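[1] sequence plus the predicted model coming up.
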Amino acid sequence: MITIAVDCMGGDHGPKVTLPACTQFLDQHPDVHLILVGLPQALQGFAHARATIVTASEVVTMDDPLEVALRKKKDSSMRVAVQQVKDGAAQAAVSAGNTGALMAISRYLLKTLDGIDRPAIAGQIPNATGGATTVLDLGANVDCSAEHLLQFAVMGAALVSVLSSQESPVVGLLNIGEEVIKGNEVIKKTGELLRSAAKNGDLNFYGNVEGNDIFKGTVDIVVCDGFVGNVALKTSEGLATMISNFLKAEFSRNVLTKIAAIAAYSVLKALKNRVDHRRYNGAALLGLRGLVFKSHGSADTLAFGNALNRAYDAARNNLLDRVRVRIAHAAPLLAASAAQA
């Protein structure tokens, strides 16, 4: 039985989305138990044979500063949900709440794994192959050293090996060109470390990739700092929204465009589904001594359900142990690069 703690109050919609998503998720997975955390009045009336209610007296809002979320709201639904993981009551926690607050609370309660300096946010962006490219970091670390990016690559490889059953996923380093000589000093040094990791058998390193390679699906994993990664993520979401709005407009313009749209409906629908970021909702906070997944704040029931699925797959396939194994294998290189830095 896989147990997942859910912050039911987080996100733009709170229980209106999280509770229906939890009900559907429980119905689809008979081997799951959920711990639903939230305000008593918000969870009143929810009942399921494989769900436990744990109440909290506070909620971290999307606008709360980190100081408030971490130091003052000690009984928030977000913190109580992550505490379930720390206490061993749950194998993973899921929240759609404030990203910065979730990372700060998770890092404070769970701590980082040995060999990891900073946790990273790893999420998936739809690509042209019909699948998705895993990108990290997506915003937790704006400024990164080469050693941090190496750690991200090791953790990202563990994540993808769990979610896609690939033992040796391909890693690319995001740069302004494919040539080894391109990029700033941090990127050049990162390339050297990743090539060394590949020689040692720690990674399957492709080399430098450019922004369009994320959407082409050139590699399975793209490593970058949080500033660049977050820009790429928002660009992807904006593209999906633009395509969706375009399709709606074509169906409502005039008779001729409606006829053309209807004739091409199956193709247009397939395109819309392919770029729908809701299918890939659920970013992993990697590098912690516990599993925590971040749902998009504006997630609907479908999207939040997919975030639950990400947490379920990670717990069921022992992601935490796999990350530890890969870090241990790369420990000599990680230690040497840290000492050199």
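    Ah, there it is. Computed from a predicted model, the values in this text were never measured in an experiment.

[2] use CA for all of it now, contacts and neighbours both
    OK.

[3] pop the domain breakdown of the chain in here.
    1-110, 115-277+321-341 (automatic domain parsing).

[4] possible to save those as CSV with mean pLDDT?
    Below are the domains of the chain laid out as CSV (pLDDT from 0 to 100):
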stretch, mean pLDDT
domain 1-110, 96
domain 115-277+321-341, 84
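
[5] can I get the ones you listed in CSV including distance to Ala284 and mean neighbour count?
    Shown next, in CSV, are these (distance: least, C-alpha to C-alpha, whole Å; neighbours: other C-alpha atoms under 10 Å):
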stretch, distance to Ala284, mean neighbour count
domain 1-110, 9, 20
domain 115-277+321-341, 5, 19
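
[6] where do the helices sit along the protein?
    For the chain, applying DSSP state H gives helices covering 15-28, 40-43, 66-67, 77-86, 99-110, 146-164, 185-199, 211-216, 226-252, 255-263, 265-274, 301-316, 319-329, 331-340.

[7] need these in TSV with distance to Leu34, can you?
    Shown next, in TSV, are these (distance: least, C-alpha to C-alpha, whole Å):
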stretch	distance to Leu34
helix 15-28	8
helix 40-43	13
helix 66-67	27
helix 77-86	11
helix 99-110	19
helix 146-164	21
helix 185-199	39
helix 211-216	34
helix 226-252	29
helix 255-263	42
helix 265-274	29
helix 301-316	10
helix 319-329	19
helix 331-340	35
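
[8] and of the ones you listed, who's closest to Tyr280?
    The closest of those to Tyr280 is helix 301-316. By C-alpha to C-alpha, the value is 6.8 Å.

[9] who are the packing partners of that closest one?
    Packing partners of helix 301-316 (3 or more C-alpha pairs under 8 Å, 6 or more residues apart in numbering; DSSP states H and E): strand 2-7, helix 15-28, strand 92-95, helix 146-164, strand 291-294.

[10] can you put these in a markdown table and add distance to Leu173?
    Formatted as a markdown table, the helices and strands packed on helix 301-316 follow (distance: least, C-alpha to C-alpha, whole Å):
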| stretch | distance to Leu173 |
| --- | --- |
| strand 2-7 | 33 |
| helix 15-28 | 35 |
| strand 92-95 | 28 |
| helix 146-164 | 9 |
| strand 291-294 | 24 |
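
[11] for those, which one sits closest to Lys72?
    Using C-alpha to C-alpha, the helices and strands packed on helix 301-316 put strand 2-7 closest to Lys72, at 17.7 Å.

[12] mind giving me the packing neighbours of that closest one?
    Checking 3+ C-alpha pairs under 8 Å, 6+ apart, strand 2-7 ends up next to strand 32-38, helix 77-86, strand 92-95, helix 301-316.

[13] residues contacting the nearest residue to Gly139 once chain neighbours are set aside?
    Spatial nearest neighbour of Gly139, chain neighbours left out: Gly226 (3.8 Å); criterion: C-alpha to C-alpha, 6 or more residues apart in numbering. Residues in contact with Gly226, defined by C-alpha atoms under 8 Å, 6 or more residues apart in numbering, are 136-144.

[14] ok, these vs Val54, which is closest?
    Using C-alpha to C-alpha, Ala140 comes nearest to Val54 of the contacts of Gly226, at 28.3 Å.

[15] contacting residues for that closest one?
    Applying C-alpha under 8 Å, 6+ apart, we find Ala140 in contact with 100, 103, 119-121, 226.

[16] ok, 6 Å please
    120, 226 (C-alpha atoms under 6 Å, 6 or more residues apart in numbering).

[17] what comes into contact with stretch 298-316?
    Residues from elsewhere that reach stretch 298-316 (C-alpha under 6 Å, 6+ apart): 12, 17, 21, 278, 281-282, 295.
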